[in-house]
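Colleague: Dropping a prediction and its sequence here:
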Amino acid sequence: MKSLSGFSRWLPSVALGLLLTACAATTDQRAGAARPDTGKDNVAPTRISFQLPQAWGGAVQCLDGKNCFLIAVEHELSKLVLMEFDNGKAVVRDQQPLGYHPDSAIWLTPDIVAAAVETGGTLDFFAVNNNQLKITDRRGVGFAPRDVLLVANDGDRYTLLATPYSGKNVAWLTWDRQNPEQSQLKSAFWCEAPWHPVHVKQLPQNRGAGIAVACLDDKKVIAVPASNWQATPEVLATFDVIPRQAKPSPSGRWLYVALETGGKNARIDMHTGELQFIQGDPRGASSVLALTDDLVIWGDSQRLTLQKLDAQGQVLDTREIKTSGYSTELQLHDINRDGVQDILVLNSTGETADVIFGPIWKD
């Protein structure tokens with residue numbers, strides 16, 4: 001896998017990383033202050049950029065009446081970082097070492113997080129107490145995990161899906177918070193390099209909710225139903241190029257697919273199964289986030305591309321927003337708690353991550 005398709009994933013990241021290292025300006029070591037957007041974007045009036053080197057994955061948690069918190073991994077530095085968004089800045093509250101090459105992290109509850117760590121092939125569990133991280137358990141999954149997804153929970157038992165950096169193995173871990181030794185692991189085979197699994201509200205032909213994932217090396221998008229996680233995955237779409245990420249629109253009507261090369265992206269109608277191709281930039285896309293059914297954001301090298309589409313997937317309007325690195329994860333949250341959605345941008349190369357404050361699209 002790493003001989004060809006892996007090389008295509010690393011080449012833009014390595015080149016961009018060298019460029020950013022050569023050109024980086026001196027910044028605050030850990031906190032980013034809000035600043036005007038001085039580009040020609042005319043979309044987001046302010047943003048913050050804050051130090052978070054090679055952030056391959058992470059997740060924001062926003063609780064009512066409280067500031068938002070980010071849990072994220074620093075891939076090359078092998079760290080788990082807890083940050084608080086407070087008064088226009090991102091402030092580090094704690095950080096803990098992880099095994100070599102952690103790839104992603106998620107919240108299970110407001111006081112439990114899990115991180116996927118390639119070396120050792122583990123999911124590492126941490127308690128969060130008074131803004132401090134403390135490791136409580138470590139569970140092997142049998143391969144080097146790229147992503148971890150919370151599938152379900154029942155009291156203190158959590159079902160997690162771990163998918164690999166490479167290979168076809170996936171693992172379903174039922175983790176018992178109170179009795180970790182009673183945790184159960186089940187394995188399955190899906191497709192080559194299933195990255196970034198996501199929940200979807202519906203599968204085509206009214207077959208209910210499920211989980212979908214882009215298979216980088218098999219160049220397809222697959223899904224399994226919520227009614228049977230262990231079912232044989234069905235193929236939703238196949239491509240001639242690498243699909244980097246798939247994410248649903250808020251209503252669940254569309255599953256958007258970021259394509260690494262070829263100048264096009266795609267979306268799948270989750271009612272009918274129809275595949276629509278969307279005109280894109282020749283440089284391709286590595287991440288995607290849908291704001292509405294027909295308003296979508298694509299992430300790639302140092303920019304976001306916003307597109308408004310019609311019902312047939314034709315582009316009606318396009319705008320751009322600058323970012324600080326190779327933007328491989330986008331999330332939508334009201335980070336500054338003003339009632340308007342903002343975008344978290346995690347960059348897998350470079351030293352910083354970004355928050356783009358909303359409104360994201362102004363007509």
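Modeller: Thanks, I have it.
Colleague: which residues sit against the helix or strand hosting I71?
Modeller: Under the criterion of DSSP states H and E, I71 resides in strand 68-74. The list of residues contacting strand 68-74 from outside it, by C-beta atoms under 8 Å, 6 or more residues apart in numbering, reads 52-62, 79-85, 90, 93, 98, 102-107, 113, 115, 333-335, 337, 344, 346, 353. In this view, the C-beta of every residue, glycine as well, is placed from N, C-alpha and C.
Colleague: Might one say that D103 is in contact with A55?
Modeller: No. Between D103 and A55 there is no contact under C-beta atoms under 8 Å: 10.5 Å.
Colleague: How about R177, nearest residue that isn't a chain neighbour?
Modeller: Distance criterion C-beta to C-beta, 6 or more residues apart in numbering; nearest residue to R177, sequence neighbours excluded, is D156 at 4.0 Å.
Colleague: What segments of the stretch 101-250 of the chain are strands?
Modeller: Taking DSSP state E, counting those that start in this stretch as the criterion, the stretch 101-250 of the chain carries its strands at 102-109, 112-117, 122-129, 132-140, 145-154, 157-164, 169-176, 184-189, 194-200, 210-215, 220-225, 234-238, 243-248.
Colleague: Adding distance to L304, write those strands out as JSON lines.
Modeller: As requested, those are arranged in JSON lines below (distance: least, C-beta to C-beta, whole Å):
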{"stretch": "strand 102-109", "distance to L304": "20"}
{"stretch": "strand 112-117", "distance to L304": "25"}
{"stretch": "strand 122-129", "distance to L304": "30"}
{"stretch": "strand 132-140", "distance to L304": "30"}
{"stretch": "strand 145-154", "distance to L304": "21"}
{"stretch": "strand 157-164", "distance to L304": "25"}
{"stretch": "strand 169-176", "distance to L304": "30"}
{"stretch": "strand 184-189", "distance to L304": "34"}
{"stretch": "strand 194-200", "distance to L304": "17"}
{"stretch": "strand 210-215", "distance to L304": "19"}
{"stretch": "strand 220-225", "distance to L304": "22"}
{"stretch": "strand 234-238", "distance to L304": "23"}
{"stretch": "strand 243-248", "distance to L304": "13"}
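Colleague: distance of G57 from G313?
Modeller: According to C-beta to C-beta, to the nearest Å, G57 and G313 sit 29 Å apart.
Colleague: Just the C-alpha atoms of the longest strand belonging to the chain, please, in PDB.
Modeller: As assigned by DSSP state E, the longest strand anywhere in the chain is strand 315-333. C-alpha atoms of strand 315-333 as PDB (Å, rounded to 0.1, in the frame of the first residue of the first chain):
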ATOM      1  CA  VAL A 315     -21.600  24.600  -8.900                       C
ATOM      2  CA  LEU A 316     -23.400  27.900  -8.500                       C
ATOM      3  CA  ASP A 317     -20.800  29.800  -6.400                       C
ATOM      4  CA  THR A 318     -17.300  29.200  -5.100                       C
ATOM      5  CA  ARG A 319     -15.300  30.900  -2.400                       C
ATOM      6  CA  GLU A 320     -12.000  30.300  -0.600                       C
ATOM      7  CA  ILE A 321     -10.600  30.600   2.900                       C
ATOM      8  CA  LYS A 322      -6.900  30.400   3.700                       C
ATOM      9  CA  THR A 323      -5.700  27.800   6.300                       C
ATOM     10  CA  SER A 324      -2.300  27.200   8.000                       C
ATOM     11  CA  GLY A 325      -1.400  23.800   6.600                       C
ATOM     12  CA  TYR A 326      -2.600  20.600   4.800                       C
ATOM     13  CA  SER A 327      -6.200  20.700   6.100                       C
ATOM     14  CA  THR A 328      -7.200  17.000   6.600                       C
ATOM     15  CA  GLU A 329     -10.000  17.400   9.200                       C
ATOM     16  CA  LEU A 330     -12.900  19.900   9.400                       C
ATOM     17  CA  GLN A 331     -15.500  20.100  12.100                       C
ATOM     18  CA  LEU A 332     -18.400  22.400  12.700                       C
ATOM     19  CA  HIS A 333     -19.100  23.800  16.200                       C
END
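Colleague: relative to strand 243-248, how tilted is that strand?
Modeller: Relative orientation of strand 315-333 versus strand 243-248 (axes from the mean of the first three to the mean of the last three C-alpha atoms, to 10 degrees): 80 degrees.
Colleague: Just give the strands next to strand 315-333 in its sheet, each with its orientation.
Modeller: strand 295-309 (antiparallel), strand 342-347 (antiparallel) (DSSP bridges).
Colleague: do you know which of these lies nearest L160?
Modeller: Nearest of those to L160, taken as C-beta to C-beta: strand 342-347 at 20.1 Å.
Colleague: what's the closest one in contact with?
Modeller: Residues from elsewhere that reach strand 342-347, judged by C-beta under 8 Å, 6+ apart: 44, 52, 54-58, 60, 70, 72, 289, 297, 299, 304, 323-336, 353-358, 360.
Colleague: try stretch 100-119
Modeller: 56-59, 61, 63, 71-76, 78-80, 98-99, 122-129, 133, 144-150, 153, 158, 160, 162, 165, 175, 177.
Colleague: rerun at 7 Å
Modeller: 56-59, 61, 63, 71-73, 75, 78, 80, 98-99, 123-129, 144-148, 150, 158, 160, 162, 165, 177 (C-beta atoms under 7 Å, 6 or more residues apart in numbering).
Colleague: Now do it, average pLDDT.
Modeller: Taken as a whole, stretch 100-119 carries a mean pLDDT of 98.
Colleague: tell me which residues in it are buried?
Modeller: For stretch 100-119, burial by neighbour count (16 or more other C-beta atoms under 10 Å) applies to 101-108, 112-118.
Colleague: what does stretch 235-255 give?
Modeller: Of the residues in stretch 235-255, 236-237, 239, 242-249, 252-255 count as buried by neighbour count, 16+ other C-beta under 10 Å.
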